[in-house]
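K.L.:
sequence and predicted structure, then a few things I'm wondering about:
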Amino acid sequence: MSTTMSERNVTHSTFVIDRTYDAPPDMVFAAWSTEEGKSRWFGGPSDLWTSMERAFDFRVGGRERAVGKWKSGTVSAFDALYWDIIPGERIVYTYEMHIDDRKISVSLATVEFRPAGEGTRLTVTEAGAFLDGYDDRGSREHGTRMLLDHLDAALREQVDV
């Protein structure tokens, strides 16, 4: 699909999600900062989405890539660049999303980790620029909440072992 200059536009959206997990901050941070940890929860539902490509280079200046195919045949791609990492405290990254061959968004995400009793309070703040008529309708926030539910399940499996 070609887009002319007159069809180009940007819609902005920002959201903040706070979650508390029954796992210590070092465990929650490892779930974001290690390939093994992130592979346990970051992706589409296994009955609807199949991973096609995964790359993970967690360091300032490092990149992460996750590509998967949905049961519908649609391919989604996540390409991130890490800008700021404070071990156990904060991760700041930018990322772009593609659906099939169309870039739909560019976002800035900040993930903060704070002790909360024996657990961890996690705060995700994201500012997204949705491109050229892509109507997010809240699906990015919904998808992020779903991923954080997957993170909770992955952490519970680790804690119960």
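P.N.:
All right, it came through fine. Remember, it's a predicted structure, so these values are computed and weren't measured experimentally. Residues are numbered from 1 along each chain as shown.
K.L.:
these two touch, right, residue 125 and residue 13?
P.N.:
No. Between residue 125 and residue 13 there is no contact under Cβ atoms under 8 Å: 11.9 Å. For the C-beta atoms, the positions are set from N, CA and C on the backbone; glycine is no exception.
K.L.:
now for those two: what residues contact both?
P.N.:
Common neighbours of residue 125 and residue 13 are not found (criterion: Cβ atoms under 8 Å, 6 or more residues apart in numbering).
K.L.:
burial check on residue 18, number of neighbours?
P.N.:
12 (other Cβ atoms under 10 Å).
K.L.:
what sits against it?
P.N.:
Applying Cβ under 8 Å, 6+ apart to residue 18 gives the contacts 121-123.
K.L.:
buried ones among those residues?
P.N.:
121-122 (16 or more other Cβ atoms under 10 Å).
K.L.:
ok, so of the contacts of residue 18, who is nearest residue 73?
P.N.:
Checking the contacts of residue 18 against residue 73 by Cβ to Cβ gives residue 122 as the nearest, at 33.2 Å.
K.L.:
mind checking the SS state of the residue nearest to residue 26 when sequence neighbours are not counted?
P.N.:
Excluding the flanking residues, the one nearest residue 26 by Cβ to Cβ, 6 or more residues apart in numbering is residue 88, at 6.0 Å. The three-state label given to residue 88 by DSSP: H, G, I helix; E, B strand; the rest coil is coil.
K.L.:
what does residue 26 give?
P.N.:
helix.
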